[in-house]
Structure formats: structure tokens, C-alpha cells
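>>> Build me a structure from this.
(one chain, ligands or ions: 2)
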Amino acid sequence: MDEIAATARILSEALPFLQRYDDQIIVVKYGGHAMVDPKLAHQFARDMVMLKVCGLNPIVVHGGGPQINKMLDKLEVQPEFREGLRVTDEATMSVVEMVLSGSINKSIVASIQQAGGRAVGISGKDGNLMIAEKLTKKKTDPETGKVVEIDFGFVGEPVKVNTEILETIMKSDAIPVIAPVGVGANGETFNVNADTAAGAVATATRAKRLLLLTDVAGVLDKDKNLISELAVEELPNLIANGTITGGMIPKVESAADVVKSGVEGVIILDGRVPHSVLLELLTPHGVGTRISRAGA
Ligand SMILES: Nc1ncnc2c1ncn2[C@@H]1O[C@H](COP(=O)(O)OP(=O)(O)O)[C@@H](O)[C@H]1O
Ligand SMILES: CC(=O)N[C@@H](CCC(=O)OP(=O)(O)O)C(=O)O
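Numbering: from 1, shown residues only. Ligands and ions are numbered 1, 2, ... in the order given. Prediction:
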């Protein structure tokens, strides 16, 4: 009896959260590491369907870094990363596009539909969704003190997101599932980091929340303890002193841009926790790092 009462209470307590998010857009970045476990992948798909049925508008932007690496390994190509981003030559770009827009995108679409929902898979090239330009990033060489430009090859940064295609998909009661491949002004194909792509989509759609699912508890400090609240202003220092490295760099940089654009809630959360999205959105139990502005 106690158990039944507890279940009823949990369901009832979701009401204010459901009211807060009614008809709002929630962008969920589904990381390549978080999608490796088939059971978690199934639960994730169910959670997306549940949000849609409850009147929220989830948009999924997925990654696939580990899956791209696996394919490159089969082709005996050594992956190269700088600042958490894949250096992408022409041959790597075709593998990236094949893996992201092909197998991964369609398998997420299939699992959402298996869970009883409707999903439409697109890449940033479809409907001119994500217009990108070649990424330019400068870095100070610690030895010489000189500022050097890093060449990432065909890595793009989103410069414009055309939301019409997303609106059409959402209006037809389907969940958009986006592969982070961008298109250049002259039709070139660009590899866009999935965190960056999710951030650009969240900003352009004026999302209520951006949830970045990953394979760690959230942003960890030097002693590997979870930082549950992190101000944008603290990020440059945490990157400079080596606390935040690798794939966490594009994640926090994207989170910071999105927070500055006015999206209220940007959370890096643990995709290994079953139903972490539901816990974050529909209960008072957050499971990750909230990125905010100092004093906000
Ligand atoms: N301060 C930090 N806190 C948490 N993770 C960190 C930190 N610095 C670097 N990382 C690394 O970032 C990884 C998450 O980024 P990434 O591998 O790109 O995951 P995803 O596929 O989910 O995008 C973690 O697994 C961890 O190895
Ligand atoms: C430029 C760049 O780094 N692109 C990423 C795109 C996929 C991605 O971001 O996947 P995760 O979210 O699983 O890391 C890549 O090629 O791996």
C-alpha cells in the first residue's frame, strides 16, 4: 500500500513541471557514449515519447563520436582530436556523414517509433537546417607565447539555423532527430560537434531547456567531485587550468553560448542514469551540472 501511495504521489508531483513545460521546446543532446547501452537507448526513446505525449516538444540532436571512431578503425584511419574536436579531412568527412546521418540517425528514429512515437530523422543539410562555416579557432602556444590558428579541416560552426523544417515536423506530431552535419553556403558538407549543433538549435528555437546527456555525472572538479551549479564566468579558468578537457570543452562552450542567448536552463547530465531526462524535467531531482550566469 505504501508503495502504491508513493507512486501516486510521484505522478501527482509531476503536475507543476508538466504545466511549466506545456508546449515548450526541450532540446536533448544525446551523446555517442550515452547511446552505447541498448537498455538505456530503449529507455531514452521511451522518455522522448513520454515527453511528446505529455505535451512537450522534444528535439533530439545526437552525437556519435565513438561510433565514428569504430568505423575509422575498421578503415585503419587514426582519429585525431584537438580541443575536443575531430580534425576532419575529406575522407573522414564522408565516414562522419555516413555514420551520423545514416546508421545512428536511423536507429534513434527506429527506437522512438518502436516505443510508440513518431520521429523524423534529418541532418543539418535537410531543409537548409544548419548553415555552417569553416571553424576558425586561435590558441596561444604555451612554449612560444605566439597566437596560432588551428586548422580543423572540414569542421564547421553553425552560423544560421533555419527552424522551418523543425516546426513542420513538430506540428505533425513527430519528434525531430537531428544529425550534426552542416551545409556551407556553397553546398559544402561540414562536421559540426553535436554539442555545438544542439546549442545552436536550442538558441534558434528559443528552447525552454537544453539537456546535454553524457557518460559522466556532469562537470567534475579537480578532485572528481560533481559541480552541480557552474557559472559561465568560471569556465575559461577551468579550461585554462586543465580541469575541463577533451570532449567536455565543446560541451561547456556550447552551454555558455546558449545561456548567454537567454535559454533559461542548460544542464549537462548523466546519460547513464536510467530516465535521467524525466528525473531532470519532471521531478525535483536534478542529476547533473546546471550552467548559469553569475547572480542569475
Ligand atoms: N571536468 C570534467 N568533468 C567531466 N568530464 C570531463 C571533464 N574534463 C574532461 N572530461 C571528459 O569529457 C567526456 C565527455 O565528453 P565526450 O567524450 O565528448 O562525451 P559525449 O559523447 O557524451 O559528448 C567525459 O567522459 C570525460 O572523459
Ligand atoms: C567536430 C566534431 O568533433 N564532430 C563530432 C561529431 C559527433 C559528436 O559530436 O559526437 P559525440 O557527441 O558523441 O562526441 C565527431 O566527429 O566526433
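>>> what about the stretch 151-296 of the chain, any weak spots by pLDDT?
In the predicted model of the stretch 151-296 of the chain, residues 295-296 satisfy pLDDT under 70.
>>> residue boundaries of the strands in it?
156-161, 175-179, 181-183, 189-191, 209-214, 229-231, 265-270, 288-292 (DSSP state E, counting those that start in this stretch).
>>> The second one pairs with which strands, and in what direction?
Strand 175-179 has its sheet partners listed here by DSSP bridges as strand 57-62 (parallel), strand 119-123 (parallel).
>>> Is ligand 2 within reach of it?
No: contact of strand 175-179 with ligand 2 (C-beta under 6 Å from any ligand atom) is absent, the minimum separation being 8.8 Å. Where C-beta positions appear, they are placed from N, C-alpha and C, glycine not excepted.
>>> gap between residue 130 and residue 114?
27 Å (C-beta to C-beta, to the nearest Å).
>>> Between the two, which is the more surrounded one?
The neighbour comparison of residue 130 against residue 114 (other C-beta atoms under 10 Å) goes to residue 130, with 30 against 12.
>>> my read: that one touches residue 196, true?
No: contact status for residue 130 versus residue 196: not in contact, 9.9 Å apart, counting by C-beta atoms under 8 Å.
>>> Now do the shared contacts for those two.
158, 180 (C-beta atoms under 8 Å, 6 or more residues apart in numbering).
>>> Residue 78: neighbour count?
7.
>>> In contact with it, which residues are there?
With C-beta under 8 Å, 6+ apart, residue 78 has these contacts: residue 72.
>>> May I ask which helix or strand encompasses it?
Applying DSSP states H and E as the criterion places residue 78 outside every helix and strand.
>>> any idea how far it is from residue 94?
16 Å.
>>> Over to residue 162?
For residue 162, the distance to residue 94 - C-beta to C-beta - is 24 Å.
>>> can you check residue 47 too?
32 Å.
>>> and the chain, which residues reach ligand 2?
Counting by C-beta under 6 Å from any ligand atom, the chain sits next to ligand 2 at 31-32, 63-65, 68, 85-86, 96, 155, 180, 191, 193-194, 247.
>>> Of those, which is the most crowded?
residue 180 (30 neighbours).
>>> List the contacts of that one.
61-63, 100, 123-124, 130, 191-194, 196-198.
>>> Restricting to those residues, which residues neighbour ligand 1?
Answer for the contacts of residue 180 near ligand 1 (C-beta under 6 Å from any ligand atom): residue 63.
>>> Give me the secondary structure label for the closest residue to residue 185 other than its chain neighbours.
Spatial nearest neighbour of residue 185, excluding adjacent residues (C-beta to C-beta, 6 or more residues apart in numbering): residue 131 at 6.9 Å. Here residue 131 is recorded as strand under DSSP: H, G, I helix; E, B strand; the rest coil.
>>> Pretty sure residue 132 sits against residue 185.
No: assessed by C-beta under 8 Å, residue 132 is found out of contact with residue 185, at 9.1 Å.
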